[in-house]
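Peer 1: Please find the sequence and the predicted model below.
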Amino acid sequence: MRYLITSALPYINGIKHLGNLVGSMLPADIYARFLRQEGEEVLYICATDEHGTPAEIAAIDAGLEVAEFCAKQYHKQKEIYKRFGLSFDYFGRTSAPENHELTQYFYQQLAKQNFIEEREISQFYALDDQRFLPDRYVTGTCPHCGYEQARGDQCENCTKVLTPTELIKPRSTISGSTHLELRTSRHLFLRLDKLSDEVRNWVDKQTQWSTLTKSIALKWLNEGLKSRCITRDLVWGVPVPTEGFERKVFYVWFDAPIGYISATKAWGDITNNDWECWWKESDDVHYTQFMAKDNLPFHTIMWPATILGSREPWKMVDYIKGFNWLNYYGGKFSTSSQRGVFLDQALEIASADNWRYMLIANAPESADSAFTWEQFQKQVNKELADNLGNFVNRILKFTASRFGMTLPEGGTPGDAEAELQVTCNELVEKLRKYLHNLEFRRATETLNALWRTGNQYIDVRAPWVLFKTDQDETAMVIRTCVNLIRLYAISSAPFIPHTTQALFDALQLTDVERRHTMTEASDLTLLAAGRSFMVPAPLFQKIDDDLVAELKAQYGGE
Ligand SMILES: Nc1ncnc2c1ncn2[C@@H]1O[C@H](COP(=O)(O)OP(=O)(O)OP(=O)(O)O)[C@@H](O)[C@H]1O
Ligand SMILES: [Zn+2]
């Protein structure tokens, strides 16, 4: 089996926030890292989603041409994901030539199969802004749930898909102006209505999907699929290759998912790899997508409909891991409302592994979850700094001061060690199972339980006391603990890869040892007497109450 992994494409309008990270890229990265460690063949693809009005408007605000703005933002995002340790095999762009080509190709296939229709529509024109307002740029009250900030494409509150004219009291999102006029122009529609039965059949076959994913797909299907407009009156985007549509581009949600494939093609061209084998005739490929709930309708309905309608054998997703919202004090982390902590700010507060661990431990898996600074403090201090960091430093410092810089000889493992070995084996297999099943909270709890096990072991064995009476026995306890550190390094690797590297270096592991699977690394006698090591700098900085108060004041956390 080969594993294809994609995470929802981050939009280009600015640096992403912690919610975006935990709702898409971070869990995908943890899964990719885990599978690679297990020796599987993995391809993890992501890209920036660059088209649409928000990019145009952000560019105007920044005083740049939109192409230049996107290029700048792309490099910024790419750089910050690298600092967070996101291990994409390729991070592309939907504005890339490969995506233009493939989007036009999909459109032509759909047209050939009679799934495209031309229609005249009326669209809001904002007199004050002097422009057409694409769906997202009309705000108003949701006709279904009464939410007052509903956007013209979708209500964020009840997730229902909307068209701008359905909104009650519509206004321009750009200026707030209510001087709107309906004007007509010709557009192209994807006949989702004609593809509805095929999409439903496909959705029905997905017995493994979570309730969240499945219920959103079924809700859409049960409401009845309507033709959806896939063109826009914009200049920035993939041009529509049809006469009479020269001044129009494709709707961003039409070209964005095609980015998964076109970015794979770009990867193949750059690295000289066969990209098509991942997307065509790919029965041995298991494909997993990661995203939060607002993206689910597009990935369970619209994108599958596009593939099905093309009548070509493109790989369809096997499993969709959908997330709820990570909230920040009273609302969803949000770029437009500038609510929450953004990735560049986060790295000024603490290093990447602190965030990776804390976020995945609180991932909004079965319900929305709330970010609090107290929780961040608790998890960094108790779990990372105490359970893991402190264990490593205490053991290695003690060994250095009593025995020197190599692992000491003497003693034989006894009952306590046998028991510890059994516990570790069980926890490691549990951890692997949870990661295979994409149960990230449970996986993180299990990892923390593994760290606690070491602390319980040294509380009982107390090498610092034992040393006074039995140095051989102490030496054996120390070797066991150093092997635990090795196991920690490997089992933590998908979660906190930078820390893993620091531990690998401290234990001076060979390349082969660094590539061990968790199961192989479970053996607590692997590193024998005579091995040299170094004492690393403290792995985690604790967060004190004053800093918490400061951060709350700075980021509005009350
Ligand atoms: N608060 C959140 N919690 C979890 N996932 C989120 C959150 N906000 C956005 N996401 C997810 O992040 C991924 C990237 O989203 P994108 O760049 O399109 O931003 P967005 O959804 O427009 O967010 P925002 O409205 O805050 O800008 C998507 O899968 C989206 O569902
Ligand atoms: Zn609503």
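Peer 2: Nice, I can see it. Ligands and ions are numbered 1, 2, ... in the order given.
Peer 1: Can you pull the residues of the stretch 301-450 of the chain lying near ligand 1?
Peer 2: Taking CB under 6 Å from any ligand atom as the test, the list of the stretch 301-450 of the chain residues beside ligand 1 reads 323, 325-326, 332-336, 364. Every C-beta, even on glycine, is put in place using the N, C-alpha and C of the backbone.
Peer 1: now those residues as TSV including distance to ligand 2, secondary structure and neighbour count?
Peer 2: TSV is the format used below for these (distance: CB to the ion, whole Å; DSSP: H, G, I helix; E, B strand; the rest coil; neighbours: other CB atoms under 10 Å):
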residue	distance to ligand 2	secondary structure	neighbour count
323	20	strand	26
325	15	coil	21
326	21	strand	24
332	14	strand	19
333	20	coil	24
334	17	strand	16
335	20	coil	18
336	17	coil	11
364	20	coil	22
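Peer 1: Could you verify my assumption that residue 442 touches residue 436?
Peer 2: No. Under the criterion of CB atoms under 8 Å, residue 442 is not in contact with residue 436, lying 11.5 Å apart.
Peer 1: Looking at those two, which one has more neighbours?
Peer 2: More neighbours surround residue 442 than the other of residue 442 and residue 436, with 16 against 13 (other CB atoms under 10 Å).
Peer 1: so which of the residues of the stretch 301-450 of the chain next to ligand 1 comes closest to residue 496?
Peer 2: Here the nearest of these to residue 496, counting by CB to CB, is residue 326; it sits at 18.8 Å.
Peer 1: Let me see the contact set for the closest residue to ligand 1 within the chain.
Peer 2: Per CB to the nearest ligand atom, the residue of the chain with the smallest distance to ligand 1 is residue 23, at 2.0 Å. Taking CB atoms under 8 Å, 6 or more residues apart in numbering as the criterion, residue 23 is in contact with 8, 290-292, 323, 325-326, 364.
Peer 1: pLDDT score assigned to it?
Peer 2: According to the prediction, residue 23 has pLDDT 98.
Peer 1: separation between it and residue 325?
Peer 2: Residue 23 sits 7 Å away from residue 325, going by CB to CB, to the nearest Å.
Peer 1: which residues are in contact with both of those two?
Peer 2: With CB under 8 Å, 6+ apart as the test, residue 23 and residue 325 both reach 292, 364.
Peer 1: Now do residue 87 against ligand 2, distance only.
Peer 2: Summarising the geometry, the distance separating residue 87 from ligand 2, computed by CB to the ion, to the nearest Å, is 37 Å.
Peer 1: hang on, that residue packs against residue 32?
Peer 2: Yes. The criterion here is CB under 8 Å, and residue 87 meets it with residue 32 at 5.9 Å.
Peer 1: When these two are compared, which one has more neighbours?
Peer 2: More neighbours surround residue 32 than the other of residue 87 and residue 32, with 25 against 17 (other CB under 10 Å).
Peer 1: quick one on the thing from earlier: what's the closest of the contacts of residue 23 to residue 479?
Peer 2: Nearest to residue 479 among the contacts of residue 23, with distances taken as CB to CB, is residue 290, at 39.9 Å.
Peer 1: looking at the protein, which helix or strand is least sure?
Peer 2: For the chain, scoring each helix and strand by mean pLDDT, DSSP states H and E identifies strand 131-132 as the least confident one, at a mean of 84.
Peer 1: need the helices for the stretch 351-500 of the chain, in chain order.
Peer 2: Assigned by DSSP state H, counting those that start in this stretch, the stretch 351-500 of the chain shows helices spanning 352-361, 373-378, 391-403, 415-436, 440-461, 463-469, 471-492, 497-506.
Peer 1: Let me have the second one in CSV, keeping just the CA atoms, if that works.
Peer 2: Taking only C-alpha atoms (Å, rounded to 0.1, in the frame of the first residue of the first chain), the coordinates of helix 373-378 have been written out as CSV:
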residue,chain,number,x,y,z
TRP,A,373,-3.5,30.1,27.8
GLU,A,374,-3.9,28.2,31.0
GLN,A,375,-4.2,24.9,29.1
PHE,A,376,-1.2,25.9,27.0
GLN,A,377,0.8,26.6,30.2
LYS,A,378,-0.3,23.4,31.9
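Peer 1: and it, which residues are buried?
Peer 2: Neighbour-count burial for helix 373-378, counted by 16 or more other CB atoms under 10 Å, picks out 373, 376-377.
Peer 1: and if you look at the third one?
Peer 2: Going by neighbour count (16+ other CB under 10 Å), the buried part of helix 391-403 is 391-393, 395-396, 398-399, 403.
Peer 1: next one: the fourth one
Peer 2: Along helix 415-436, the positions that meet the burial threshold by neighbour count (16+ other CB under 10 Å) are 417, 420-421, 424, 427-428, 430-432, 434-435.
Peer 1: Double-check residue 226 against residue 195; I have them as touching.
Peer 2: No. Under the criterion of CB under 8 Å, residue 226 is not in contact with residue 195, lying 11.3 Å apart.
Peer 1: Those two: which is more packed in?
Peer 2: Here residue 226 and residue 195 are compared on neighbour count by other CB under 10 Å; more neighbours surround residue 195, at 23 against 13.
Peer 1: dump the residue contacts of the more buried one.
Peer 2: Under the contact definition (CB under 8 Å, 6+ apart), the residues listed for residue 195 are 115, 225, 305, 308-309.
Peer 1: Show the subsequent helix or strand relative to the helix or strand harbouring it.
Peer 2: When elements are assigned from DSSP states H and E, residue 195 belongs to helix 192-204. Stepping forward along the backbone from helix 192-204, the first helix or strand reached (DSSP H and E) is helix 211-223.
Peer 1: Contacts only, for residue 219.
Peer 2: By CB under 8 Å, 6+ apart, the contact list for residue 219 reads residue 159.
Peer 1: rerun that using 10 Å as the cut-off
Peer 2: Listed by CB atoms under 10 Å, 6 or more residues apart in numbering, the contact set of residue 219 reads 158-161, 296-297, 300-301.
Peer 1: One more: residue 285?
Peer 2: Residue 285 makes contact with 1-4, 41, 43, 277-279, 315, 318 under the criterion CB under 10 Å, 6+ apart.
Peer 1: Would you show me how to pick out the buried ones of those residues in PyMOL?
Peer 2: Buried residues within these, as defined by 16+ other CB under 10 Å, are selected in PyMOL through the command that follows:
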select buried, resi 3+4+43+278+279+315
